[in-house]
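Q: quick one, structure for this:
(one chain, ligands or ions: 2)
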Amino acid sequence: MNAGPRGGVASAETHSVLALGSNLGNRAEQIATAIAEIADTDGIRLTAASKLVESTAVKPAGTDDQAPRYLNAVVSIATTLDADALLHAINAIEADHGRTRDERWGDRTLDIDVITFGDVSSDDARLTLPHPRAAERAFVLAPWLEIEPDAVLPGRGRIDALLAALPPADAVAVWPADSGWTTR
Ligand SMILES: Nc1ncnc2c1ncn2[C@@H]1O[C@H](COP(=O)(O)OP(=O)(O)OP(=O)(O)O)[C@@H](O)[C@H]1O
Ligand SMILES: Nc1nc2c(c(=O)[nH]1)N=C(CO)CN2
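A: Ligands and ions are numbered 1, 2, ... in the order given. So this is what the prediction gives:
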């Protein structure tokens with residue numbers, strides 16, 4: 001797609017998909033503020049933002065299953081930043097929201113992951129692309145599908161098929177519950 005600055009992704013820009021999550025504090029406000037901050041970042045143009053979805057916290061096996069439920073959302077952007085600069089920008093937004101990094105998959109005020117950056121593939125631990133766990137996460141795939149129904153996760157296939165292959169127990173619910181939107 002190359003529809004220029006108002007439509008799709010201009011040639012100097014890279015299309016990227018970001019996933020946001022929060023399970024501490026005012027979850028909806030943190031995600032909404034973070035999306036506004038992403039849209040305000042130099043070199044980033046927000047092209048779509050999903051509704052919020054709510055789901056049980058996915059934790060490593062054997063850890064506390066009492067964790068607060070998450071709200072998640074997905075945005076698509078067109079950016080002139082390179083992947084490192086984009087990671088730096090989203091880490092700064094997380095830090096502004098009081099995010100600390102102490103525990104893997106720990107509770108957090110705000111998490112922002114880079115799901116895709118163009119068709120870049122990277123094994124770098126600092127920025128693995130596409131995000132290595134996106135294909136197994138209904139809380140990423142369902143809101144992504146809402147904003148990009150034909151999207152493909154590079155190397156894994158169409159996201160509608162990936163979502164349909166997940167166990168029904170992984171389904172996410174639109175939040176707030178009365179907004180009349182279902183994900184599966
Ligand atoms: N695609 C990516 N998006 C965001 N961070 C990434 C990515 N790939 C690697 N990282 C690195 O992962 C590190 C840990 O990130 P984080 O604490 O958000 O992990 P997590 O949210 O607990 O787990 P998960 O990555 O499964 O969502 C970060 O310091 C970051 O450099
Ligand atoms: N439901 C849900 N569970 C999670 C999430 C998340 O965003 N939503 N993020 C995690 C680590 O990034 C770990 N577990």
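
Q: CA atoms for contacts and neighbours, from now on please.
A: Will do.

Q: what sits closest to residue 146 if chain neighbours are left out?
A: residue 50 (6.4 Å; CA to CA, 6 or more residues apart in numbering).

Q: just checking, the one you found touches residue 142?
A: No. The criterion here is CA atoms under 8 Å, and residue 50 misses it with residue 142 at 9.2 Å.

Q: picking that back up, neighbours of the residue nearest to residue 146, how many?
A: 18 (other CA atoms under 10 Å).

Q: tell me who's in contact with it.
A: Taking CA atoms under 8 Å, 6 or more residues apart in numbering as the criterion, residue 50 is in contact with 73, 74, 75, 143, 144, 146, 147.

Q: generate CSV for these, with secondary structure and neighbour count as supplementary columns.
A: Shown next, in CSV, are the contacts of residue 50 (DSSP: H, G, I helix; E, B strand; the rest coil; neighbours: other CA atoms under 10 Å):
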residue, secondary structure, neighbour count
73, strand, 26
74, strand, 30
75, strand, 23
143, helix, 24
144, helix, 27
146, helix, 19
147, helix, 17
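
Q: can you add distance to residue 165 and give those back as TSV?
A: TSV is the format used below for those (distance: CA to CA, whole Å):
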residue	distance to residue 165
73	20
74	20
75	23
143	16
144	15
146	17
147	19
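
Q: quick one: the residue nearest to residue 146 and ligand 2, what's the gap?
A: 14 Å (CA to the nearest ligand atom, to the nearest Å).

Q: whether the lowest-mean-pLDDT helix or strand in the chain contacts ligand 2 - can you check?
A: Lowest by mean pLDDT, DSSP states H and E among the helices and strands of the chain is strand 173-175, with a mean of 93. No. Using CA under 6 Å from any ligand atom, we find that strand 173-175 stays clear of ligand 2, coming within 10.7 Å at best.

Q: residues of the protein that sit close to ligand 2?
A: 21, 55, 56, 57, 58, 59, 70, 72, 105, 139.
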